[in-house]
Each structure stands twice: as C-alpha cells, then as structure tokens.
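A.B. asks: Here is a sequence with its predicted model. Questions after.
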Amino acid sequence: MAEDLTLTATTKAARYAELRPQIEALTTGEPDLTANLANTAAALKEAFGFFWVGFYLVKEDELVLGPFQGPVACTRIRRGRGVCGASWARAQTLLVPDVEQFPGHIACSSASKSEIVVPIIRGAGNVVAVLDVDSDKLNDFDADDQEALEALAPLVASWF
Ligand code: SME
C-alpha cells in the first residue's frame, strides 16, 4: 500500500531528488504499465503543481493519450506533429520556452505556454512513449527539469 508523498525540499532540483526514490517505491514490483504511468504522472503533478503532466504512448504510427493529470487533452498525435510528435520522431528531449514559437505546436489548451517533452526509449532508439509536461507560464522549464526527467526516463522505459 502506498503512502503519501513526503517532500520537504524547497528547490526544484532537490524536490526532484526527493521524488525519485518515492516513484521507485511506488512502482517497484508492480508489473502493470498503466498503474505505474498513472502514479508517476500524479507524483509529478503533486510535487510541482504542473499544469498538465502525462504520457503519450506510441501505437502504430501515432501517439495515443495515456495516463495523465490535468485538463482533457488531444487524444492522438501523428509522428512529427507538435512538440510531442517531434520529440518522438527525433528521439530527443524538446524544451520549449514559448509554445507559440514552436512550428506546428498543437494547442490542446490555450492556457499552455511552455513545455518539455522527454522521449521514453527502449533499446536502441526505440521510442515507446513520451513524457509531456506543460506549464501555463512562459519559460517555466530549465536544465534542472530536463536532467531530472531524462534521468526518470529509463525507469519509465523499464515498465514497457
Ligand atoms: N502541446 C503538445 C500536445 C499535447 S498537450 O499539450 C497535452 C504538442 O504540441 O505536442
């Protein structure tokens, strides 16, 4: 049975450091992908109050909405489309300080102003999902977010 998250650190990097073992504790020994993705999205939302945080899963030639926390979102995204589709196609993290400046950005919500998308990669460049975090503030993500979320990606990949 899971316990509540306990986060005391005040800096973002330190909160990520506190959160990591708690995500591991929540998911270790649990074989169900949906359960693990759902608790990870919830833990990130609870720790940082992100506007939207969730997963899109690669299904054939599209990304399909998976477990998330936040307002309703686009259900399907084509490869290469928007920030999520571009992160999938390039198999790399995209940190977008102003989504209006990103060519082809998909506005699921007009409140979303900046975002970071981290590909979940299994094996040699096989993207199985992306982790998408959106903010309602411009320029809300930095290298601390990128480093911590990229460090989380192999754990997430291990659930697939
Ligand atoms: N903004 C994303 C779409 C997904 S949502 O914002 C939840 C994109 O351009 O890929």
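C.D. replies: Great, that's in hand. Numbering: from 1, shown residues only.
A.B. asks: make it CA atoms for all contacts and neighbour counts henceforth
C.D. replies: Fine.
A.B. asks: Just the CA trace of stretch 138-147, in CSV.
C.D. replies: Taking C-alpha atoms only, stretch 138-147 is exported to CSV below (Å, rounded to 0.1, in the frame of the first residue of the first chain):
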residue,chain,number,x,y,z
LEU,A,138,6.2,31.1,-20.3
ASN,A,139,9.7,29.8,-19.9
ASP,A,140,8.9,27.6,-16.9
PHE,A,141,11.3,24.7,-17.6
ASP,A,142,15.1,24.6,-17.4
ALA,A,143,18.1,22.3,-17.2
ASP,A,144,17.0,21.0,-13.8
ASP,A,145,13.7,19.7,-15.2
GLN,A,146,15.5,18.3,-18.3
GLU,A,147,18.1,16.5,-16.2
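A.B. asks: Roughly how far does the spatially closest residue to residue 40 that is not a sequence neighbour sit from the ligand?
C.D. replies: Using C-alpha to C-alpha, 6 or more residues apart in numbering and skipping the chain neighbours, the partner closest in space to residue 40 is residue 23 (6.3 Å). Distance, residue 23 to the ligand, using C-alpha to the nearest ligand atom, to the nearest Å: 22 Å.
A.B. asks: Can you report how many residues lie near residue 23?
C.D. replies: Counted with other C-alpha atoms under 10 Å, residues neighbouring residue 23 total 21.
A.B. asks: Could you do the one 4 residues further on as well?
C.D. replies: Other residues lying near residue 27 total 21 when counted by other C-alpha under 10 Å.
A.B. asks: Enumerate every residue touching the residue nearest to residue 40.
C.D. replies: 39, 40, 43 (C-alpha atoms under 8 Å, 6 or more residues apart in numbering).
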